[in-house]
Structure formats: structure tokens, C-alpha cells
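# need coordinates for the following:
(one chain, ligands or ions: 1)
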Amino acid sequence: MVRRCSVDPAVVSVDLGGTNLRTAILTKNGDIFDRSKQATNVSEGHRKIIRRLIDDIERQRKNAEARVLKIAAVGVGAPGVIHADSGVVVKSPNFPDWNELPLKQELENGVGLPAFIENDANAAAFGEYWRGAGKGVRSLIFITLGTGVGGGIVLDGKIWHGADGMAGEIGHMTILPDGRACGCGNRGCLEMYASSRGIVMSYLEAHASAGTSGSSVGVTSESIYNAARKGERSAVAVMEQMGRSLGIGIANLINIFNPEMVVIGGGVRDAWPLFIEAARSEIRQRAFAFPAERTKLVPSDLGDDAGLAGTAAVAFEQLH
Ligand SMILES: [Zn+2]
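As a prediction, this is how the structure comes out:
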């Protein structure tokens, strides 16, 4: 009798952020092994970053062999406009010298494995769909509330990329027609009210108009959450305002997409109890009642691992 040694397929998943470059090995079950993290060092330029990335993937390949896993592909999540089919990074605000960069091709030439590139927020949405809060649903919208506001849309089990790979820019939905100027050129974007930066701006504005700007030194989003938890009125009001802005955005998404679930991730998720009732109340007032009632509004399950899981899921799916 011939004994067959089975080698399970796995992928190297890469979360290529503006600050950190993280890699890990993921199996089809979503198990994560051999996490590694290094500074991205954007100023080094794309040549050196890609070289380091290739070295890290090779190292993970050896780690995988030691675990009797066979790396079948590489999945990369990166910020910016990504053409997912060709694997070209069209442009990325975090990487100023990445213009029309054929990342898929460079990685495939470097490591000799199929590589799949996805926008980081789309990847996080797909990660929650695959193994996180959205396990078992067919359509969900993922909103990440961090320094900015990003998003990803999964419809019938597929990431919705849009005609130019730019779909899911939920953070730049207009919430207030004459609101704060946003870096995108618009005014009153959701990002200007529901991101950690927006929350700090709201707090400073409230204190400035109350003539108490002197107390605003060293204000961070965390210090505002803590003040709100202790019942400081202006901090509570700022978090409710944030929740209302988020609720307006989600009500629009519910009316347009009728999703089964809206998943909230990013650092601001930690302040969930401070904003969620205001958001729910706004959704009840603005969205159609039936889809609003059935849409589950939940915090992200995978947290920082959503992106790693999502790029792995993209890679496994593309391999088949
Ligand atoms: Zn904007």
C-alpha cells in the first residue's frame, strides 16, 4: 500500500499599509500562521518595498513547508485605486510614487506564484464575508472607521468593484451639503464626521464655539471616548453627532443596496456603545422600514485580520 502524504494548500496573505507591511500564511479554513510585521518605510520607494515583500513571501514559503502546507498563491491588499483584474495599482494616496504600478506582475516574476491584488477596504469586506461577522450572508457592506472612512461592498458573494475599481468609497458620501471641506474636493463627506479625525474636529469646534478652546490641548479621539464614557456632556454630544452622521450614510446604503448586513470596523469601532443608538435612530427615521429592520448592524469580527483574511479569500477564489 502506498501511503500518500497530503499537503494542504495555503496562501501568503499581505496587508500592505502606509505604516506597516504585514504578512501571514492562511489556510482554506481561515487559520492564520506565522504572522510577521515590519515598517513599510514608504519613503524608500516602490523598488525597495517590493524587494522586501518578495523576500518576506519567500521566507513564508519556507515556513509553510515546515508546516506541511503548500503555498499556492499570494494575495495582497493595498490602499488606493487598484485594477483587480490586471493587478495594477493605478494610484495610492499612501504611496506617492506608485502610479500605474504592475504589482501583480512584479510579484509573480519575483516569486513564481500567482498573485492577486485587491483594494485593502474591499479585502477587509471580503474577509468579514468569508470568515468574520458576515459568515453565511450573501451581501454585506463593510465600513471602516479609522483616521479616514473606507468601505467595501459584497453583493451576492462578490466584491463590487465598479467600472473603474473605485466602488465602495463610502467615506465620501455627502452627509452635509455645506459641511467641512474634505481632501477629496467635496464638502460634508461622511469621513469628515465619522472618522477619528472628524470626531476630534467636531469636539474642537464645539469647544471653540463655547469659548473653551483652552481645554482642547492634546485632544485625541480616545480622550473624547473616555470623556464621553465618564458622561462629559460635550463629548457625549460629539459622539451622538458622529452616530447620526453614520446613520444617515447607512440609511442611504440600505435604501440603495438592501444588504443583509452592515459591518463596522476600524479603530472607532471601540467606541461602539457611544454612537450606535444615535446611528440606529437615524436609520429608523430615514431608511425604508422593511430593509432597515432586517439589516443587521454589527461590529467587525476579525478586526485587524479582516484584510489578511480577505486577500486570502480572493486568492483561493481566483485559483479556482
Ligand atoms: Zn470626501
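# can you spell out which helices and strands pack onto the longest helix along the chain?
The residue-count maximum for a helix in the chain (DSSP state H) belongs to helix 233-257. Helix 233-257 sits against strand 140-145, helix 191-194, helix 196-209, helix 221-229, strand 261-265, helix 272-286, helix 289-294, with contacts defined as 3 or more Cβ pairs under 8 Å, 6 or more residues apart in numbering; DSSP states H and E. Every residue, glycine included, has its C-beta placed from N, CA and C.
# show residues contacting the fourth one.
So that's helix 221-229. Residues from elsewhere that reach helix 221-229 (Cβ atoms under 8 Å, 6 or more residues apart in numbering): 196-197, 199-200, 203, 234-236, 238-239, 267-268, 270-271, 274.
# any idea which of these is closest to Cys184?
Among the contacts of helix 221-229, Arg197 lies closest to Cys184 (Cβ to Cβ), at 13.6 Å.
# run a quick neighbour tally on that closest one.
Neighbourhood size, Arg197 [other Cβ atoms under 10 Å]: 16.
# which regions of the protein lie under the pLDDT threshold?
Counting by pLDDT under 70, the chain has low-confidence residues at 1-6, 212-217.
# how about the residues of it near the ion?
With Cβ under 5 Å from the ion as the criterion, the chain comes near the ion at residues 172, 182, 184, 186, 189.
# so of those, which ones are in strands?
Judged by DSSP state E, strands contain none of the residues of the chain next to the ion.
# any quick PyMOL command for the buried ones out of these?
Selecting only the buried entries of these in PyMOL, with 16 or more other Cβ atoms under 10 Å as the criterion:
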select buried, resi 172+182+186+189
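# now render the residues of the chain next to the ion as TSV, adding distance to Asn94.
As requested, these are exported to TSV (distance: Cβ to Cβ, whole Å):
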residue	distance to Asn94
His172	17
Cys182	17
Cys184	15
Asn186	20
Cys189	18
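# and the contacts of helix 221-229, which are buried?
Counted by 16+ other Cβ under 10 Å, those give 196-197, 199-200, 203, 234-236, 238-239, 267-268, 271, 274 as buried.
# would you check that Met242 makes contact with Arg197?
No: using Cβ atoms under 8 Å, Met242 makes no contact with Arg197, being 11.3 Å away.
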